[in-house]
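> Predicted model follows, preceded by the sequence.
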Amino acid sequence: MIHIKSKSEIEKMKSAGKILSELFQLLEENILPGISTKDLDRIATDYIIKNGAFPSFLGVPNYYGGIDFPAAICASVNSEVIHGIPNGKPLKDGDIVSIDVGALLEGFHADAARTFTVGKCSDEALRLIAVTKQSFFEGVKFAVPDCRICDISGSIQDYVEANGYSIVREYTGHGIGRELHEDPEVPNYRTKVRGPRLTPGVAIAIEPMVNQGTAAIEVAKDKWTVYTKDRALSAHYENTVIVADGEPIITTL
């Protein structure tokens, strides 16, 4: 069931999104060679709590029998696609790191992700990050009334594949609001199901996950971290989006 957000609920979601937008600026300033993803998690946790919110990801259950998620951020380095658990290993010059983070404020969630460079990265890594980011903006053009989820999904797929990359299919975007994951599912590729027609007040997290090589993935022994099977690079870009009467509201920019 899709929950349509009221004006007051949308305002709360915008406030939660603003915290993440500002947090990404802070993280970008700190993502340098030598810092660890555990250090970044500490920065994120402190910032979210300081702003009166709670880290949405902390304690999320693992439905595959692993531990509950132990951090505020998912930090996925190089060939890690999503759900990387922060650790003490220093980031190196040339790495890329995807940070996925959520904030719960006044009963409503915001969810967003960015892929950052660490020091000087290869041109190919920079291109992958740029295409992943732009694929979101190609998709969000269709987050407007009377379009369908499949319009968003197909636009993302078309852009990514036209640029020679592949889309992860096992994980998708999702509805968001009082729960971190709500209906509807938002794939980053075309499916046989067109999905619901969008109306004002629908809130979704659109999050392309793009691989440099094949789309194939595998899950690590920790039952959280997802890798590219060929160990090629992967990038992630996400925002929380609310369908409005005109242009969509992107709460996490």
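Received, thanks. Numbers count the residues shown, from 1 in each chain.

> surely V186 meets I152?
Yes: with contact defined as Cβ atoms under 8 Å, V186 and I152 form a contacting pair (6.4 Å). C-beta here means a position set from N, CA and C on the backbone, and glycine is covered the same way.

> Would you mind measuring from E247 to K223?
Between E247 and K223 the distance, using Cβ to Cβ, to the nearest Å, works out to 39 Å.

> about what we covered before: quickly list what's touching both of V186 and I152.
Taking Cβ atoms under 8 Å, 6 or more residues apart in numbering as the contact rule, the neighbours common to V186 and I152 are I206.

> Chain neighbours aside, what residue packs nearest to W224?
Residue nearest to W224 in three dimensions, not counting chain neighbours: H83, with 4.5 Å by Cβ to Cβ, 6 or more residues apart in numbering.

> dump the residue contacts of that neighbour.
With contact taken as Cβ under 8 Å, 6+ apart, H83 is in contact with F69, C74, S76, D100, W224, T225, V226.

> Adding pLDDT, write these out as CSV.
Formatted as CSV, the contacts of H83 follow (pLDDT from 0 to 100):
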residue, pLDDT
F69, 98
C74, 98
S76, 98
D100, 98
W224, 98
T225, 98
V226, 98
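
> Export the residues you listed as TSV, with columns for secondary structure and distance to A216.
What follows is those, written out as TSV (DSSP: H, G, I helix; E, B strand; the rest coil; distance: Cβ to Cβ, whole Å):
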residue	secondary structure	distance to A216
F69	coil	24
C74	strand	20
S76	strand	16
D100	strand	21
W224	coil	18
T225	coil	15
V226	strand	11
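
> which residues sit against the top helix by length along the chain?
For the chain, the helix reaching the highest residue count under DSSP state H is reported as helix 7-30. With contacts defined as Cβ under 8 Å, 6+ apart, helix 7-30 is touched by 5, 39-40, 43-44, 47-48, 51, 53, 99, 101-112, 114, 116, 176-177, 201, 203, 239-240, 242, 249-253.

> ok, now stretch 46-65?
16, 19, 22-23, 26, 44-45, 68-74, 100-105, 109-111, 180, 219, 223-224.

> could you flag which of the residues you listed are buried?
Buried members of the contacts of stretch 46-65, counted by 16 or more other Cβ atoms under 10 Å: 16, 19, 23, 44-45, 69, 71-74, 100-105, 109-111, 180, 224.

> all strands of the stretch 1-150 of the chain, in order?
Using DSSP state E, counting those that start in this stretch, the strands of the stretch 1-150 of the chain run over residues 54-55, 73-77, 80-82, 96-105, 108-117.

> Now for the closest residue to K223 other than its chain neighbours, how many residues are close by?
Distance criterion Cβ to Cβ, 6+ apart; nearest residue to K223, sequence neighbours excluded, is G66 at 3.1 Å. The tally of other residues near G66 (other Cβ atoms under 10 Å) stands at 15.

> if I read this right, G66 contacts V219, doesn't it?
No: under the criterion of Cβ under 8 Å, G66 is not in contact with V219, lying 9.4 Å apart.

> returning to that earlier point: output the strands of the stretch 1-150 of the chain in a markdown table; the columns should cover distance to T214.
A markdown table is the format used below for the strands of the stretch 1-150 of the chain (distance: least, Cβ to Cβ, whole Å):
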| stretch | distance to T214 |
| --- | --- |
| strand 54-55 | 33 |
| strand 73-77 | 17 |
| strand 80-82 | 12 |
| strand 96-105 | 18 |
| strand 108-117 | 19 |
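
> so which of the ones you listed comes closest to F137?
Closest of the strands of the stretch 1-150 of the chain to F137 is strand 108-117, at 13.5 Å (criterion: Cβ to Cβ).

> Check the offset of the closest one from the chain's centre.
Here strand 108-117 is found 5 Å from its chain centre; the criterion is Cα atoms, centre = their mean, to the nearest Å.
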